[in-house]
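Next come a sequence and a model predicted from it.
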Amino acid sequence: MPENGEGGLVDFAPLFEFREANRCVGLLYFWAAFRPKDECMRRVKRREFLSLGLPLAARAQWVAEVQCHLASEDVPLLLVEAQVNGEVLRRLVLDTGNVAAPLVLSRAGARAAAVAIDEGRQLRGASGIGGGVAMFGAEVARFEFAGMVQAGLAAAVSPGLDRLSESTGVRIDGALGGEYFRGLALRLDYERRSLTLTRGGTAAAWHSFACPAGKALPLVEVELNGQGPFRFALDTGASYCAIARDLVRELKLGRGIDAQVAGVGGVEAGFFTKVRRVAAGGGSWGNLTMASGGFFAAMQGKFGVRVDGVLGANALARRVLTIDYSGRRWGIEGV
């Protein structure tokens, strides 16, 4: 897929939340299932591999393994922890759909880590489910994740995360987005609840993806009921797959129960549907549930390219997802 568009700073589908018949089945409410001991489960391993006969630059391959928290067996969202200015923030969503900044913090998370918020520097063009998103510039003096330490990390702070924290009663520290992982390859094993990071690419990813306006948001090809390919955003921060409303009509998909789709920008009415056959990245699914609504129209305008849907966490359960940002390759293994 070619790269298109002149889109500005955009946060696509930041932090989905789906509600069904007064029962939240999405991202944020499932966090309440965590116990304190779960928050302490983090193991980082670093390895250096040397290969004789290769150029010096190719001999050392950096690898880090991070233990993640799984929000639910049915809705497999991965949470990680990191040190921000020396303060451990344990509830960071691993969110490949967030391209607003490498790290987006809630106001509460920023205060806990003593991150100064530049109220006079509001990021333009930030958008998400429910409309425009207030987002302010910030800088983290020291950021440590998976054994990597970075000084002066560009970040953003969104009050919308605090509003979602209040509505759920669950503290939300922030989201670690795709911009942070530029130049790295991610291997997300949902069964083992682990994240493996590799610098230098990986041979395990075999399908190409594009990025809108140079942003680190994987736009992948997806076939639906034997038709397509259609362009979907690969978003580990979305609890459910989603599909544009006009595509639901085009494919003559059935309309299921009504739903409310909420994000940091607000709430929009929607509904659930099922797609009989889905294929993408070497993986396939039958009767995959997707949410739909009118929220994709605004997203397409921001990107400058057509976006038909989101490949979210309910498609990744019991699978292994590889995203190679440096080579713009990806793949799915498993059931």
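Yes, it's here.

For the one helix or strand Arg111 maps to, buried residues please.
Arg111 is part of helix 107-112 when elements are defined by DSSP states H and E. Of the residues in helix 107-112, those with enough neighbours to count as buried (16 or more other CB atoms under 10 Å) are 107-110, 112. In this view, the C-beta of every residue, glycine as well, is placed from N, C-alpha and C.

closest to Ser284 among those?
Using CB to CB, Gly109 comes nearest to Ser284 of those, at 37.8 Å.

which ones are touching that closest one?
Listed by CB atoms under 8 Å, 6 or more residues apart in numbering, the contact partners of Gly109 are 84, 89, 115, 161, 172-174.

ok, which stretches of this structure are helices?
Using DSSP state H, the helices of the chain run over 27-30, 36-39, 56-59, 107-112, 159-168, 245-250, 296-303.

CA atoms of the fourth one as PDB?
It refers to helix 107-112. Below are the C-alpha coordinates for helix 107-112, written out as PDB (Å, rounded to 0.1, in the frame of the first residue of the first chain):
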ATOM      1  CA  ARG A 107      -2.700  14.400  34.200                       C
ATOM      2  CA  ALA A 108      -2.600  12.100  37.300                       C
ATOM      3  CA  GLY A 109       0.300  10.100  35.800                       C
ATOM      4  CA  ALA A 110       2.200  13.300  34.900                       C
ATOM      5  CA  ARG A 111       1.800  14.600  38.400                       C
ATOM      6  CA  ALA A 112       2.900  11.300  40.000                       C
END
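
Domains in the chain, by residue range?
Domains of the chain are assigned by automatic domain parsing as 17-199, 207-334.

re earlier: restricted to strands, list the contacts of Gly109.
Using DSSP state E, the subset of those located in strands is 84, 89, 174.

Return the residues in contact with the second one.
With CB under 8 Å, 6+ apart as the criterion, the residues that contact Leu89 are 81-83, 105, 109, 112-113, 173-174.

what does the last one give?
When contacts are counted by CB under 8 Å, 6+ apart, Gly174 is found next to 89, 91-93, 103-106, 109, 161.

let's go with 7 Å and repeat that
Contact partners of Gly174, counting by CB atoms under 7 Å, 6 or more residues apart in numbering, are 89, 92, 103-106, 109, 161.

what does the model give it for pLDDT?
Note on Gly174: pLDDT of 91.

any idea how far Ile117 is from it?
Distance of Gly174 to Ile117, given as CB to CB, to the nearest Å: 13 Å.

wait, Thr287 sits on Arg277?
Actually, residue 287 is Asn rather than Thr. No: applying CB atoms under 7 Å as the test, Asn287 and Arg277 come out as separate, 8.5 Å apart.

So between the two, which is more surrounded?
A count of neighbours by other CB atoms under 10 Å puts Arg277 above the other of Asn287 and Arg277, at 14 against 9.

Excluding chain neighbours, give the residue nearest to the more buried one in space.
Spatially, and ignoring its direct neighbours in sequence, Arg277 is nearest to Asn225 (5.3 Å; CB to CB, 6 or more residues apart in numbering).

Kindly report the same for Leu247.
Asp308 (5.2 Å).

just checking, that neighbour touches Phe232?
Yes: using CB under 7 Å, Asp308 is in contact with Phe232, at 6.0 Å.

which stretches of the stretch 151-300 of the chain have low pLDDT?
Scanning the stretch 151-300 of the chain with the threshold set as pLDDT under 70 gives 164-165, 167-170, 200-205, 262-267, 296-300.

Mind doing that once more with 90?
Applying pLDDT under 90 to the stretch 151-300 of the chain flags the ranges 158-172, 182-183, 191, 199-206, 211-216, 237-240, 258-270, 293-300.

avg pLDDT for stretch 100-111?
91.

How far does that stretch stretch from one end to the other?
20 Å (CA to CA, to the nearest Å).

Spit out the contact partners of Arg142.
85-86, 149, 151.

picking up where we left off before, could you measure the residue nearest to Leu247 against Gly254, distance?
Distance from Asp308 to Gly254, by CB to CB: 18 Å.

More neighbours: which of the two?
Using other CB under 10 Å as the criterion, Asp308 and Gly254 rank with Asp308 on top: 21 against 11.

quick one, phi/psi of the more buried one?
Main-chain dihedrals, Asp308, degrees, to the nearest 10: phi -90, psi -20.

Next one, pLDDT for it please.
92.

From the contact counts, what lies against the longest strand seen in the chain?
Counting by DSSP E, the longest strand found in the chain is strand 266-280. On a contact count with 3 or more CB pairs under 7 Å, 6 or more residues apart in numbering; DSSP states H and E, strand 266-280 meets strand 219-224, strand 258-263, strand 283-293.

which one of those strands lies closest to Glu250?
Closest among the helices and strands packed on strand 266-280, using CB to CB: strand 219-224, at 9.6 Å.
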